[in-house]
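In: Let me see the structure of the following:
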Amino acid sequence: ISSPSSNSASSSSPPRKRSKSSNISPTNDHNMEENSASLKKEEDATDYTESPLLKNTISPHILQSIPQILQTYQSNKPYPHGVLNNIFQPTNFLQSVLHEIKHSSKVQFKESDLFKVYQSMDLGNLTDDPKSTLNSSSIPNVWKLKQVLYSSEFRHLMEDVTNLPRGTLTDEIDCAANCHTKGCHLLCHDDVIGTRKISFIIYLTDPSWTKEDGGALELYNHKDGIPNVFPSATILPTYNSLAYFGVNAGVSFHAVQEVMGRECGPRLSLQGWYHGRELPENMECATLSRLKTLEDDKEPFVPFIDTENNETGTERKLDETQTNVNDKEARTNVLSESDRNYLSQYMNETYLTESSMKEICDKFENESSVQLRHFLKDALANNVKDDILKSDAYDGFTSNNSDENGNDNVGNPSLQYDIGINKCWKAVGPAHKQRYLEYNDEHITVKDDPIKTSVKGTNPSNAQKVEQTNNNHPSMVAGKQLSQIQTSLFQSLPFARYLNLITSLGQPLGHHSQTRRFRPGLDYTVAHYGILTKESVLDATLCFAKGSGNQARRWEDNGELMGNDEDVDALWESGDVGGFECYIAADDDSDSEAEEDEKQARPADAEYNAEDDSELLSVSVSDNTLSLVYRDTGTMRFVKYVASGAPSSRWDINVEYQLPEDDDDSNNGEDDNNDNEEDESSNENYDT
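Out: Here you go, the predicted model:
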């Protein structure tokens with residue numbers, strides 16, 4: 001699938017959150033004098049311990065414990081951070097703030113590869129102008145909180161508890177109200193945008209909130225500016241507390257754990273930043289900078305396996321028919337009888353008929369993508385599905401997993417970061433780009449039996465779950481089956497020749513492949529420049545999950561999905577539980593100067609704008625479905641975070657195929673497309 005501008009990958013940037021930032025201008029002598037006077041005024045401001053404004057709103061134990069608070073802040077790991085508990089007084093003040101936010105502002109749903117959240121009130125838009133929609137008289141307690149947070153006295157307090165020199169923080173207002181409902185989250189990042197200096201969160205959650213409700217602030221350790229795959233500390237979103245940390249490039253990695261949506265309701269908070277007077281150091285190490293960095297050290301493509309000679313296919317000579325693979329007349333003879341017999345060991349034989357292959361090719365040439373449902377033959381697919389569902393039940397990723405008292409979701413898996421990890425399934429990071437499990441068993445070769453019967457048995461006890469290193473663990477069995485399919489089918493020359501036949505892209509020259517598991521409440525990938533390729537590639541992803549694998553049905557009159565909450569296929573198709581793979585065009589940096597200025601001037605509550613994304617294709621989770629997508633050099637992709645409410649893990653075999661050079665890429669298949677514009681498919685197994 002092609003992006004609107006595929007020739008500008010080197011200057012593209014992934015669609016990310018937009019945020020207001022300060023303009024930094026060269027200073028002259030006059031400006032330096034003004035800045036010095038301003039700093040002097042800041043230093044001479046009333047001491048916050050004697051400030052009437054703070055005395056009436058900040059609890060005395062905070063004002064009287066600054067040295068101890070600073071000491072705790074500096075000693076906290078993985079990097080300096082702090083929590084000011086019971087910070088505001090009197091008790092009804094924050095309750096009034098919460099009431100005004102709930103009843104005086106509208107929420108706006110925002111979602112990207114990085115987050116899912118409802119944002120509402122931007123404190124930067126709150127004024128004392130009675131003509132304004134948001135004004136001090138209509139929401140007096142929110143106005144008072146804003147005055148406190150960005151007063152010189154409270155900024156001095158924040159400077160003191162973070163060991164910053166007085167006058168470091170400016171009076172720039174950058175704060176908005178957030179609402180994280182069930183399934184909402186924010187993935188790992190370091191908050192470095194513009195001149196942000198301190199990040200803070202004021203929690204307005206239900207006072208009875210516990211760790212089982214999710215929504216914790218996760219803090220990540222790092223090595224050389226790269227975050228670990230799992231957090232090393234978490235902070236509970238406790239009502240009337242303020243969590244804070246310094247914003248430092250390549251250091252202040254954090255995330256918001258998914259909210260579970262239990263009895264305590266949504267996770268309500270005020271998220272804000274204090275800005276400094278200069279850009280932070282090491283900006284090249286910031287998350288956004290790293291996500292915009294191309295990766296030149298990618299592993300070379302792996303040659304195909306010659307299933308007849310058990311050798312790599314790089315030295316195999318193509319016969320005369322195969323050299324004409326770009327000629328549509330010749331392609332009908334490319335798939336030999338031996339190739340057909342080999343592939344039929346694995347594939348649904350419907351896809352090996354001449355009529356189906358021609359129809360698939362026509363669809364692919366028109367759309368640059370196609371999804372083949374019920375791709376593997378039934379016996380093989382059923383074995384795989386049986387073992388992946390057993391593995392999910394074993395690890396607790398099932399809605400009907402209950403204890404002896406009938407309580408659902410015992411030991412919520414999203415709170416157990418290492419669940420499912422064993423000697424063959426390893427966690428893949430770093431967290432600011434991805435987190436999932438990858439299967440790796442060096443002992444598996446093509447000489448192994450193509451598929452072995454999965455181990456049958458009942459779910460083990462909790463004591464047995466401690467040992468996840470034996471070969472009979474369901475995830476080990478499932479991983480072995482998927483890995484053998486990866487090796488014997490997707491890395492074989494017969495399948496390479498089959499791909500040429502159904503895509504007209506030429507016979508692939510090599511591949512990168514992996515077997516993955518995305519666990520509910522834990523795993524994802526995000527869009528970044530490292531995904532961009534120097535040459536166009538063919539993506540092949542065979543997905544497995546709970547469900548029938550059928551196309552979810554929609555009502556003809558309004559396009560809404562049919563089915564109820566128990567309809568697994570409709571739930572995956574809705575995208576509400578994530579897991580879908582999304583293709584987006586990288587920014588081409590071709591915006592006019594006025595357009596770029598407009599983007600930079602957006603308020604804090606408009607950090608993300610859906611119009612910034614150029615979504616090209618979204619492929620929902622569907623059991624035993626193969627997705628083929630032509631991806632050009634200007635296109636990125638990501639697997640959306642799989643929510644804890646997902647019916648199962650997303651398991652897949654993910655392959656990236658190297659394509660031969662095309663002398664006339666722009667005209668490839670053009671005549672054929674014109675010949676088949678009105679061709680309608682009658683086969684319900686595949687769709688675009």
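In: For the stretch 551-688 of the chain, give me the ranges with low pLDDT.
Out: By pLDDT under 70, the weakly predicted segments of the stretch 551-688 of the chain are 556-559, 563-566, 588-613, 663-688.
In: Apply 80 and report the result again.
Out: For the stretch 551-688 of the chain, the stretches with pLDDT under 80 are 552-566, 587-615, 662-688.
In: Please enumerate the helices of it.
Out: Taking DSSP state H, counting those that start in this stretch as the criterion, the stretch 551-688 of the chain carries its helices at 568-574, 593-600, 670-675.
In: How about the stretch 301-450 of the chain?
Out: All helices of the stretch 301-450 of the chain, identified by DSSP H, counting those that start in this stretch, fall at 328-331, 337-343, 354-367, 378-395.
In: and of those, who's closest to residue 306?
Out: The closest of the helices of the stretch 301-450 of the chain to residue 306 is helix 337-343. By Cβ to Cβ, the value is 11.1 Å. Quick note: C-beta positions are derived from backbone N, CA and C, even for glycine.
In: Just the CA trace of the closest one, in CSV.
Out: Provided in CSV are the C-alpha atoms of helix 337-343 (Å, rounded to 0.1, in the frame of the first residue of the first chain):
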residue,chain,number,x,y,z
GLU,A,337,2.4,-29.4,-9.5
SER,A,338,5.1,-30.1,-7.0
ASP,A,339,4.7,-26.7,-5.5
ARG,A,340,1.0,-27.1,-5.3
ASN,A,341,1.3,-30.5,-3.6
TYR,A,342,3.8,-29.0,-1.1
LEU,A,343,1.6,-26.0,-0.3
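In: which helices and strands does it pack with?
Out: When contacts are defined as 3 or more Cβ pairs under 8 Å, 6 or more residues apart in numbering; DSSP states H and E, helix 337-343 sits against helix 493-503.
In: after the helix it packs on comes which helix or strand?
Out: Downstream of helix 493-503, the next assigned helix or strand under DSSP states H and E is strand 510-518.
In: got the buried residues for that next one?
Out: 510-511, 513-518 (16 or more other Cβ atoms under 10 Å).
In: could you say what helices and strands whichever helix or strand comes after it packs with?
Out: Using DSSP H and E, the helix or strand that follows strand 510-518 in sequence is strand 524-525. With contacts defined as 3+ Cβ pairs under 8 Å, 6+ apart, the packing partners of strand 524-525 are strand 434-439, strand 635-639.
In: I'd like these laid out as a markdown table, including distance to residue 162 and mean neighbour count.
Out: Putting the helices and strands packed on strand 524-525 into a markdown table (distance: least, Cβ to Cβ, whole Å; neighbours: other Cβ atoms under 10 Å) gives the following:
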| stretch | distance to residue 162 | mean neighbour count |
| --- | --- | --- |
| strand 434-439 | 29 | 23 |
| strand 635-639 | 34 | 25 |
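In: Please pull out the lowest mean pLDDT helix or strand from the chain.
Out: helix 462-465 (a mean of 38; mean pLDDT, DSSP states H and E).
In: out of the helices and strands packed on strand 524-525, nearest to residue 218?
Out: Taking those one by one with Cβ to Cβ, strand 434-439 is closest: 11.3 Å.
In: could you give the angle of the closest one to strand 510-518?
Out: Orientation note: strand 434-439 sits at an angle of 100 degrees relative to strand 510-518 (axes from the mean of the first three to the mean of the last three Cα atoms, to 10 degrees).
In: Hey, what's the angle from strand 434-439 to strand 635-639? Just curious.
Out: Using the same axes, to 10 degrees: strand 434-439 against strand 635-639 is 70 degrees.
In: List the pairing partners of strand 434-439 within its sheet, with orientation.
Out: strand 425-428 (antiparallel), strand 510-518 (antiparallel), strand 524-525 (antiparallel) (DSSP bridges).
In: I'd like those strands written out as CSV, with distance to residue 119 and mean pLDDT added.
Out: Formatted as CSV, the strands paired with strand 434-439 follow (distance: least, Cβ to Cβ, whole Å; pLDDT from 0 to 100):
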stretch, distance to residue 119, mean pLDDT
strand 425-428, 31, 96
strand 510-518, 26, 97
strand 524-525, 20, 98
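In: how about those in JSON lines, adding distance to residue 243?
Out: Formatted as JSON lines, those follow (distance: least, Cβ to Cβ, whole Å):
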{"stretch": "strand 425-428", "distance to residue 243": "26"}
{"stretch": "strand 510-518", "distance to residue 243": "29"}
{"stretch": "strand 524-525", "distance to residue 243": "23"}
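In: Residue 107: which of the ones you listed is closest?
Out: Per Cβ to Cβ, nearest to residue 107 of these: strand 524-525, 23.6 Å.
In: Tell me which strands the helix or strand following that closest one pairs with, and in which orientation.
Out: Downstream of strand 524-525, the first helix or strand assigned by DSSP H and E is strand 537-544. Here strand 537-544 is paired, per DSSP bridges, with strand 625-631 (antiparallel), strand 650-658 (antiparallel).
In: contacting residues around the last one?
Out: The set of residues that contact strand 650-658 without belonging to it, under Cβ atoms under 8 Å, 6 or more residues apart in numbering, is 301, 388, 478, 482, 485-486, 490, 496, 499, 508-518, 523, 533, 535, 537-545, 579, 621, 639, 642.
In: how far out from the middle of the chain is it?
Out: 17 Å (Cα atoms, centre = their mean, to the nearest Å).
In: now the helices and strands packed on strand 524-525 as CSV including distance to residue 63?
Out: What follows is those, written out as CSV (distance: least, Cβ to Cβ, whole Å):
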stretch, distance to residue 63
strand 434-439, 41
strand 635-639, 45
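In: how about the strands in the stretch 251-400 of the chain?
Out: 254-256, 267-275, 305-306, 311-312, 369-372 (DSSP state E, counting those that start in this stretch).
In: can you tell which of those strands is closest to residue 147?
Out: That would be strand 267-275 among the strands of the stretch 251-400 of the chain, by Cβ to Cβ, at 13.7 Å.
In: which non-adjacent residue is nearest residue 541?
Out: Setting aside the residues directly before and after it, residue 541 is nearest to residue 627 in space (Cβ to Cβ, 6 or more residues apart in numbering), at 4.7 Å.
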